[in-house]
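Enquirer: just the structure for this:
(one chain, ligands or ions: 2)
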Amino acid sequence: MGNIVAIVGRPNVGKSTLFNRLTESRHAIVDEEAGVTRDRLYGKAMWNGKEFSIIDTGGYAFNSDDFFEDEIKKQVVIAVEEADLIVFVVDVTSGITDYDEAVAELLRRSRKKVVLAVNKVDNASRDADAPIFYSLGIPDLFTISGINGSGTGDLLDFITENL
Ligand code: GDP
Ligand code: MG
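Expert: Ligands and ions are numbered 1, 2, ... in the order given. Prediction:
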């Protein structure tokens with residue numbers, strides 16, 4: 001396997017917060033290729049002595065018109081093409097949305113290694129709302145809080161063991 005991880009998920013689930021936590025964000029750069037909607041963010045992370053790259057694919061300016069079909073696909077296509085492992089982020093406070101279902105289906109079909117990060121589990125009381133996300137069909141599920149860091153060590157262990 002290679003060593004590139006992509007973070008996907010709909011807006012506001014906490015992709016950038018997680019990206020900043022996992023990377024040494026001072027090293028992050030923005031790829032600004034002229035004329036291309038390619039404002040994904042690259043960073044480097046180190047865990048258990050293993051260095052890997054992380055892509056935040058959520059930098060797109062979402063068009064209200066083609067938000068659902070086209071933008072989902074673009075984000076997932078980038079992730080599938082570029083990454084060796086994909087972190088699919090969802091938001092425990094909003095439950096499963098249509099967008100989450102659509103992304104999950106594309107990811108399952110891609111046959112890439114995918115880990116589901118149920119984010120915003122800031123305290124134990126929110127753990128109870130996490131198991132519903134198993135219905136997305138992605139068995140490797142971690143509850144995390146990008147804001148306070150809980151669960152991110154286990155997620156990083158999984159990532160480095162599967163790269
Ligand atoms: P993105 O659009 O997926 O990149 O999401 P952002 O990282 O920009 O976060 C969207 C909002 O969710 C911001 O207000 C964050 O502060 C908030 N957020 C991100 N992670 C967490 C978390 O673990 N817990 C809580 N409570 N809020 C979070
Ligand atoms: Mg973002």
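
Enquirer: which elements pack onto the longest helix seen in the chain?
Expert: Longest helix in the chain by number of residues (criterion: DSSP state H): helix 98-110. With contacts defined as 3 or more CB pairs under 8 Å, 6 or more residues apart in numbering; DSSP states H and E, helix 98-110 has these neighbours: helix 72-82, strand 85-91. Bear in mind the C-beta positions are built from the backbone N, C-alpha and C, glycine included.

Enquirer: I figured G151 was touching I144, is that so?
Expert: Yes. With contact defined as CB atoms under 8 Å, G151 reaches I144; the gap is 3.7 Å.

Enquirer: need the overlap of contacts for these two.
Expert: Shared contacts of G151 and I144 (CB atoms under 8 Å, 6 or more residues apart in numbering): V121.

Enquirer: who has more neighbours, these two?
Expert: Of the pair G151 and I144, I144 is the one with more neighbours under other CB atoms under 10 Å, namely 27 against 18.

Enquirer: wait, doesn't the more buried one sit right on V115?
Expert: No. Using CB under 8 Å, I144 is not in contact with V115; the gap is 10.3 Å.
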